[in-house]
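In: Need a 3D model of the sequence below.
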Amino acid sequence: MRSSVPPLTFPQEASPLRLLSWTCIALAGVLAWDMSGLDMPMAHWFGNSQGFPLQNDWLMVNIAHEGARKLAWIIVLSLSLMIWWPMGLLRQVPYSRRVQLVLGSLLSLIVMAIMKRISATSCPWDISDFGGVGHYVSHWAWGVTDGGGGHCFPAGHASAGFAFISGYFALRHTLPRAARIWLAAALLAGFALGLAQQMRGAHFMSHTFWTAWLSWTCCWICDLVTTQMQVRRLTSAANHLPDTVIPND
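Out: Presented below is the predicted three-dimensional model:
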């Protein structure tokens, strides 16, 4: 008698083509937001000509800003230690992928910091519409200053969440289901931190969207490099194996 119990199935990691599709769709969405001009209207949800009421709110400053940033670095440090002393799910992740997880997070944080450093885009609270002295200029207007303090694009604080997208790429090869949960948590953290900064007047929503996309891309690049290095190492090892000698009858 044939059993009616369906066969067990296991989640598969996303193919490179699917990852490319997701990346392109996300990029199209971010560009569409930029062209929509919705940054300023959304900023007006939380601020007015007198500024942003939550700019110096204790909870927003000490918990959602400073506390979250410190927690992010504690997590990075913990993941760095687990390269050599893995715990939990990371015990099932190869050494090279644990290294990739940390390097991907650090690359995202460094890229965001460098871009903010050279950016001429100012924060919403520096714009005259919200009591500042600058005027709104799109972050696409490279080299054009807006009269404010600048150094506000992309959203560096949101990268404290989005940088951990690297965990998705590191886990997806061996633990695809856990990787998707990790990705959801990283996206949720990044957008929550981005929204908190939006409410304070520290960033426009496009800054958060770009941080998410750039972090994803940085982590994917780390994944591609790590995978290519593994392929080369395995190929090299295979080429150095002694030829099998077949004895004559």
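In: Quick one: distance of the helix or strand bottoming out on mean pLDDT in the chain to the chain centre.
Out: Across the helices and strands of the chain, mean pLDDT, DSSP states H and E gives its lowest value to helix 205-239, namely a mean of 90. Computed by Cα atoms, centre = their mean, to the nearest Å, the chain-centroid distance of helix 205-239 equals 12 Å.
In: got a list of what residue 55 touches?
Out: Contacts for residue 55 (Cβ atoms under 8 Å, 6 or more residues apart in numbering) come out as 125, 200, 201, 202. From N, CA and C alone the C-beta is placed, and that goes for glycine too.
In: Which ones among those map onto helices?
Out: When the contacts of residue 55 are checked against helices (DSSP state H), the matches are residue 200.
In: Tabulate the contacts of residue 55 in CSV, adding columns for pLDDT.
Out: Output for those, formatted as CSV (pLDDT from 0 to 100):
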residue, pLDDT
125, 95
200, 96
201, 95
202, 94
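In: where do the helices sit along this protein?
Out: 16-36, 39-43, 58, 68-81, 95-118, 159-162, 166-171, 176-200, 205-239.
In: Counting neighbours, what do you get for residue 180?
Out: Residue 180 has 16 neighbours, counted by other Cβ atoms under 10 Å.
In: Which residue, neighbours along the chain excluded, lies closest to it?
Out: Excluding the flanking residues, the one nearest residue 180 by Cβ to Cβ, 6 or more residues apart in numbering is residue 168, at 7.2 Å.
In: How many neighbouring residues does that neighbour have?
Out: 26.
In: returning to what we had before: adding distance to residue 16 and neighbour count, write the contacts of residue 55 out as JSON lines.
Out: Listed next are the contacts of residue 55 as JSON lines, based on distance: Cβ to Cβ, whole Å; neighbours: other Cβ atoms under 10 Å:
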{"residue": "125", "distance to residue 16": "42", "neighbour count": "21"}
{"residue": "200", "distance to residue 16": "39", "neighbour count": "24"}
{"residue": "201", "distance to residue 16": "40", "neighbour count": "23"}
{"residue": "202", "distance to residue 16": "36", "neighbour count": "23"}
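In: still on that earlier bit, who wins for proximity to residue 88 among the helices of the chain?
Out: Closest to residue 88 of the helices of the chain is helix 176-200 (Cβ to Cβ; 9.8 Å).
In: Out of the contacts of residue 55, which is nearest to residue 101?
Out: Among the contacts of residue 55, residue 202 lies closest to residue 101 (Cβ to Cβ), at 27.9 Å.
In: Now distance to residue 131 too, for the helices of the chain, in CSV please.
Out: Formatted as CSV, the helices of the chain follow (distance: least, Cβ to Cβ, whole Å):
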stretch, distance to residue 131
helix 16-36, 25
helix 39-43, 12
helix 58, 20
helix 68-81, 25
helix 95-118, 22
helix 159-162, 27
helix 166-171, 38
helix 176-200, 13
helix 205-239, 19
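In: and residue 135, which of those is closest to it?
Out: helix 39-43 (11.2 Å).
In: What helices and strands are in contact with the closest one?
Out: helix 205-239 (3 or more Cβ pairs under 8 Å, 6 or more residues apart in numbering; DSSP states H and E).
In: change it to 10 Å
Out: Secondary-structure packing of helix 39-43 (3 or more Cβ pairs under 10 Å, 6 or more residues apart in numbering; DSSP states H and E): helix 176-200, helix 205-239.
In: which secondary structure elements does the least confident helix or strand of the chain contact?
Out: Contact partners of helix 205-239 among helices and strands, from 3+ Cβ pairs under 10 Å, 6+ apart: helix 16-36, helix 39-43, helix 95-118, helix 159-162, helix 166-171, helix 176-200.
In: No further queries at this time; thank you.
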